[in-house]
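> The sequence and its predicted three-dimensional model are supplied below.
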Amino acid sequence: MAFLAGSRLASDIPDYNIVRPFDPTKIDCNAYTLSMGEEYFVTPESGKSLRKTKKRSLRPHASFTDPVNAIRGRGESFVIPPGQFAFLLTEESVRIPSHLMGFISLKSRIKFRGLINVSGFHVDPGFEGHLVYSVYNAGPSSLHIARGDPLFLLWLSKLEGEVDTDYSYGPKFPQSEISNKLVSEMAREVQSVDNLAKHVQRLEGRLNFTWFLATAITTALILLFTIIAAAPDAALENILNFFRNDT
């Protein structure tokens, strides 16, 4: 099994129609760079309404494509909070021939900020359509991503011979969107470390207030008992006078 170098990618991708649209400037050494596409889905943070949790579409930039239909510029953006999962659809559509196998990853720039690919690392021969990346934000900060951002990498490896059977997992037609099944399985609250830290801070605040209130009440009672113990007759008379005046 050998990986195709940049020169082979430049010839084989258009010859076999592997990536659409194809842009030769997106060949990165021995990989092809794919961009953030039209759809995304982010799991809801704790306390967010699950009814509003759904996949969403991103608007392209006004100058998103050039005359030869190569992807340019950045479009509408979205946020992946820390500790949340997301599904990301590629802008490009791929078609893996039977004599090749694809391997996928994220670009180092976004990985260094904490984004992890958890969707697997290969594309089977015979797969056709837009790729869906499943990712997790393991970083300390929210990640802002826009349509058209160069996020993904695709390597192509030549197989020793061709596969005997067609691609059988997943959609039986070119994949064009994030499936509702994927969204339904992930449309629930995710208790991230960041959310748990916020809950702990709120509980600490309530505990501190309760401790302050209990301390104040205890101090007042001690002071009252001290006054009564020092002059019981006078203190009792003052208390009785207080209630007589109050009534």
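Arrived safely. Numbering: from 1, shown residues only.

> Point out where this structure drops to low pLDDT.
In the predicted model, the chain carries pLDDT under 70 at residues 1, 46-52, 62-73, 162, 165-172, 187-203, 224, 227-247.

> Would you map the helices across it?
6-15, 108-111, 180-186, 193-230, 232-246 (DSSP state H).

> what helices or strands is the first one leaning on?
For helix 6-15, the helices and strands in contact under the criterion 3 or more CB pairs under 8 Å, 6 or more residues apart in numbering; DSSP states H and E are strand 27-28, strand 31-42, strand 150-158. Placement of C-beta: from N, CA and C, glycine included.

> Kindly report the same for the shortest one.
Helices and strands touching helix 108-111, as assessed by 3+ CB pairs under 8 Å, 6+ apart, are absent.

> List of residues touching it?
L143, I145, L151 (CB atoms under 8 Å, 6 or more residues apart in numbering).

> Including distance to S57 and neighbour count, could those residues go into a markdown table?
Output for those, formatted as a markdown table (distance: CB to CB, whole Å; neighbours: other CB atoms under 10 Å):
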| residue | distance to S57 | neighbour count |
| --- | --- | --- |
| L143 | 19 | 18 |
| I145 | 14 | 21 |
| L151 | 17 | 24 |
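
> Got the domain ranges for this structure?
Domains of the chain are assigned by automatic domain parsing as 2-190, 194-246.

> Out of these, which is the most enclosed?
domain 2-190 (a mean of 16; mean count of other CB atoms under 10 Å).

> which one of the helices and strands packed on helix 6-15 lies closest to A138?
Nearest to A138 among these is strand 31-42 (14.5 Å), distances taken as CB to CB.

> Just give the strands next to that closest one in its sheet, each with its orientation.
strand 27-28 (antiparallel), strand 56-57 (antiparallel), strand 85-95 (antiparallel), strand 150-158 (antiparallel) (DSSP bridges).

> Nearest to I222 among those strands would be which one?
Of the strands paired with strand 31-42, nearest to I222 by CB to CB is strand 85-95, at 53.7 Å.

> Next, report how far that closest one is displaced from the centre of its chain.
14 Å (CA atoms, centre = their mean, to the nearest Å).

> That one to helix 6-15, inter-axis angle?
80 degrees (axes from the mean of the first three to the mean of the last three CA atoms, to 10 degrees).

> how close does I110 get to I80?
10 Å (CB to CB, to the nearest Å).

> between those two, what contacts are shared?
Common neighbours of I110 and I80, using CB under 8 Å, 6+ apart, are L143, I145.

> now the helices and strands packed on helix 6-15 in TSV, with distance to L100?
Output for the helices and strands packed on helix 6-15, formatted as TSV (distance: least, CB to CB, whole Å):
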stretch	distance to L100
strand 27-28	16
strand 31-42	12
strand 150-158	5
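
> which strand residues sit across from the closest residue to L154 other than its chain neighbours in the sheet?
Counting by CB to CB, 6 or more residues apart in numbering, L154 lies nearest to Y32, which is 4.7 Å off, once chain neighbours are set aside. With DSSP bridges as the criterion, Y32 is bridged to I27, L154.
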